[in-house]
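>>> Build me a model from this:
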Amino acid sequence: MPTEKDFPHKNHRSRLRETFRKTGIENMPEHNVLELLLFYSIPRIDTNELAHRLIDRFGSLRRVFDAGYEQLLEVEGMGESSALLISSIPGLTRRYIESGEKSKIIICDSRDAEEYLIKKFYGCSDEIFYMLCLDLSGKLLNCVRIGTGDSTGIGVDRRRVIENAIINKADVVIFAHNHPNGIAAPSKEDIILTEEFTNLFSAIGIRLADHFIVAGNEALSLASVEKFKSLFV
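Numbers count the residues shown, from 1 in each chain. Purely as a prediction, here's the structure:
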């Protein structure tokens with residue numbers, strides 16, 4: 001029968017778990033947070049060295065979580081289970097935040113939209129295009145994921161956008177997409193797309209109120225920029 005001598009790191013794991021229970025994760029060093037997490041994908045092996053290796057490679061706990069599955073696998077000692085566990089953290093965080101939102105989300109101005117969208121795009125490494133469907137009071141009826149892109153951009157299906165606006169009975173629509181590795185600034189294609197949909201929506205009695213570009217913790221509202229305001233008239 002195995003004894004504690006066969007698993008010399010057992011007591012260390014117990015002490016780290018006890019520290020977490022007593023002080024909370026916010027008071028733990030970053031490498032200890034990773035170490036604790038790795039307990040559940042790497043049984044009976046010391047994860048301290050791997051935790052330090054991850055921090056050294058990516059620079060911080062957040063950057064470790066933001067690293068992609070393939071990047072994580074490049075680190076010595078990382079297996080598929082550990083890479084999958086760690087790369088799932090940003091998505092789990094988004095779901096946690098969204099599940100705690102009030103059932104009725106009201107977006108009255110660009111600040112409300114910005115706050116909602118920055119959380120929506122948190123940790124996304126791919127370019128994603130969303131449309132927010134609102135009623136006249138600003139109540140969020142639905143947030144529809146229209147497409148996912150790559151380094152060359154996103155293909156937006158015009159018919160799908162119009163159909164979703166009608167299905168959700170939207171009076172107002174807000175577009176939003178992210179620039180994962182760039183800045184919160186529109187491309188020429190973003191401007192053309194916005195102008196096109198302003199006209200398409202107007203023809204069926206729906207108003208395109210804004211188009212947000214999100215990059216990290218920054219979001220640009222095109223409707224708030226003087227030279228782009230005419231796109232939404």
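>>> My guess is L61 contacts L34. True?
Yes. Using CB atoms under 8 Å, L61 makes contact with L34 at a distance of 6.7 Å. Just so you know, the C-beta spots here come from the backbone N, C-alpha and C atoms, and that holds for glycine as well.
>>> Show me this protein divided up by domain.
As given by automatic domain parsing, the domain ranges for the chain are 8-87, 106-232.
>>> Out of those, the one nearest R95 is which?
domain 106-232 (10.5 Å; CB to CB).
>>> Might you calculate how far that closest one sits from the centre of the chain?
On the basis of CA atoms, centre = their mean, to the nearest Å, domain 106-232 sits 15 Å off its chain's mean C-alpha point.
>>> if we can go back for a sec, what would the domains of the chain look like in JSON lines with distance to R95 and mean pLDDT?
Converted to JSON lines, these look like this (distance: least, CB to CB, whole Å; pLDDT from 0 to 100):
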{"stretch": "domain 8-87", "distance to R95": "14", "mean pLDDT": "88"}
{"stretch": "domain 106-232", "distance to R95": "11", "mean pLDDT": "90"}
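>>> Could you dump these into TSV and include mean neighbour count and distance to I97?
As requested, these are exported to TSV (neighbours: other CB atoms under 10 Å; distance: least, CB to CB, whole Å):
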stretch	mean neighbour count	distance to I97
domain 8-87	15	14
domain 106-232	16	5
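>>> among the ones you listed, which is nearest Y96?
For the domains of the chain, the distance to Y96 is smallest for domain 106-232, at 10.3 Å, taking CB to CB.
>>> Can you get me the start-to-end distance on that closest one?
Terminal residues of domain 106-232 are spaced 20 Å apart (CA to CA, to the nearest Å).
>>> how much space between the residue positioned nearest the centre of the chain and V214?
With distances taken as CA atoms, centre = their mean, the residue of the chain nearest its centroid is Y122 (2.7 Å). Y122 is 10 Å from V214, where distance means CB to CB, to the nearest Å.
>>> before we move on, what about T148?
T148 is 14 Å from V214, by CB to CB.
>>> same question, L72
Taking CB to CB, one finds L72 at 24 Å from V214.
>>> Look up phi and psi at the spatially closest residue to A113 that is not a sequence neighbour.
Spatial nearest neighbour of A113, chain neighbours left out: I107 (5.0 Å); criterion: CB to CB, 6 or more residues apart in numbering. Per-residue torsions, I107: phi -120, psi 100 (degrees, to the nearest 10).
>>> ok, I166 to K139 distance?
To K139, I166 is 17 Å away according to CB to CB.
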